[in-house]
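> okay, here's the prediction I keep looking at, along with the sequence it came from:
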Amino acid sequence: MDTTTWMPDVEESTSFDYTGIVTPFQNKHVTAFISKFVPPLYSLVFIFGLVGNALVVLILIRFKKLKSMTDIYLLNLAISDLLFIFSLPFWAYNATVSRWMYGDAMCKILYGIYRVGFYSGSFFIILLTIDRYLAIVHAVFALRARTVFHGAFSSIVTWLVAFLASVPAFVFKRVQEEYEGNIKCRSLYPNGKEREWKQVVTLMMFILGIAIPWVIMVFCYVQIIMVLTKSRNVRKQKAVRLIFVIMIVYFILWMPYNIVNLLHTYQNSMLSGSLNNGSSYLDVAVDVTEIISMVHCCLNPVIYAFVGEKFRKYLLILFQKHISVYLCKLCPGRDRPYLERTTSTSISTTEHDISTGL
């Protein structure tokens, strides 16, 4: 990830025509805006994302006990979001100083985590969609296939694939000194193969993270909608709604960055290193869309709170059984037996689980 714009390297020439080139002055304004806008934004995302995803992990482990394949996938999706969240303070500070301050090892680690989080998030949304597809379209087969063991095994394989897809970030990211002594964490590909490697990595990110998941999700949800239209089962519709909203929000935030990044990579290749206004605007577009995409890691808990009925019930139980009891100790005048009776009633109303996730 890069939160600062930069101008491509240009070979020195006394006869070069500078007409039409966007000057660094314009990019400095963009960099100044990013340095002021990104740190507070990422700080808010960090706080809400850390608290929200921690609550999701706590509820899945403490209350739902990870009893279904859906719970396993939701847990791993929360862990994937936490990967992004733990790296946000580094990106925020990097945007503030507008130069890389963490050394070569952290350059590889942070960018590697960024890619692993991206791929794993996309893959687990695919698995959640397939899980809904099996439960509704192939209900009989799902009784055998949708087990905790299969969920855990497929999750391990998914993390392995996400890590393998992220290997280029771990290998090729390095600290480089650029114009005016500025230090950046950039991809340094083998000499003579820079263009080909960049095209392959960008295309792989688009295909594995966006294109294939989109095709799978469209197919699954078309089948699901056909079944739900015939059955008109309200309970099954609620079971699909949560995963569908998670999928839509993910693609709304990640699709623009991947499309712009793909256009940026292949336009630079077609221009063969020449500069024009379009290239400069795409530089800015890549930065802006990437910043927007990072917001996704704090939104899933918000989706659970608004769409997932069970998540709200479990939050109420958590508050009544733990937080409010602790507050009662600080306020001796409070009626604790009432809270305990309310908690017991809430627990009894949530024991009926139809495996709809959160």
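Perfect, I can see it now. Fair warning: this is a prediction, and the values are worked out from it, not measured in the lab. Residues are numbered from 1 along each chain as shown.

> may I see the buried residues of the one helix or strand Val175 maps to?
Here Val175, judged by DSSP states H and E, is contained in strand 173-177. Neighbour-count burial for strand 173-177 flags 173, 175 (criterion: 16 or more other CB atoms under 10 Å). The C-beta positions use only the backbone N, C-alpha and C, and glycine is treated the same way.

> swap in stretch 255-265?
So stretch 255-265, judged by 16+ other CB under 10 Å, has buried residues 255-258, 260-262, 264-265.

> cool, stretch 297-316 as well?
297-301, 303-304, 307-308, 310-311, 313-316.

> how far off centre is that stretch?
With CA atoms, centre = their mean, to the nearest Å as the basis, stretch 297-316 stands 17 Å off its chain's centre.

> ok, stretch 307-326 next?
Taking mean C-alpha positions (CA atoms, centre = their mean), stretch 307-326 and its chain are 25 Å apart.

> any low-confidence regions in this protein?
For the chain, applying pLDDT under 70 flags the ranges 1-29, 179-181, 233, 268-279, 322-357.

> I figured Asp283 hits His264, correct?
Yes - counting by CB atoms under 8 Å, Asp283 does reach His264; the two are 7.1 Å apart.

> and the strand holding Val175, what other elements does it pack with?
In terms of contacts (3 or more CB pairs under 8 Å, 6 or more residues apart in numbering; DSSP states H and E), strand 173-177 is packed against helix 103-137, strand 183-187.

> out of those, which comes closest to Val97?
strand 183-187 (9.9 Å; CB to CB).

> what angle do the strand holding Val175 and strand 183-187 make?
140 degrees (axes from the mean of the first three to the mean of the last three CA atoms, to 10 degrees).

> can you tell me the strand partners of strand 173-177 and which way each runs?
Taking DSSP bridges as the criterion, strand 173-177 sits next to strand 183-187 (antiparallel) in its sheet.

> between the strand it pairs with and helix 103-137, how big is the angle?
Using the same axes, to 10 degrees: strand 183-187 against helix 103-137 is 50 degrees.

> after strand 183-187, which helix or strand is next? Please name it.
helix 194-206.

> what angle separates that next one from strand 183-187?
Going by the same axes, to 10 degrees, helix 194-206 makes 80 degrees with strand 183-187.

> show me where the stretch 1-150 of the chain has helices.
24-62, 69-97, 103-137, 139-145, 148-165 (DSSP state H, counting those that start in this stretch).

> out of these, which comes closest to Val171?
That would be helix 103-137 among the helices of the stretch 1-150 of the chain, by CB to CB, at 7.8 Å.

> that closest one packs against which elements?
helix 69-97, helix 139-145, helix 148-165, helix 167-172, strand 173-177, strand 183-187, helix 212-231, helix 234-271.

> that's all I had, so thanks and see you.
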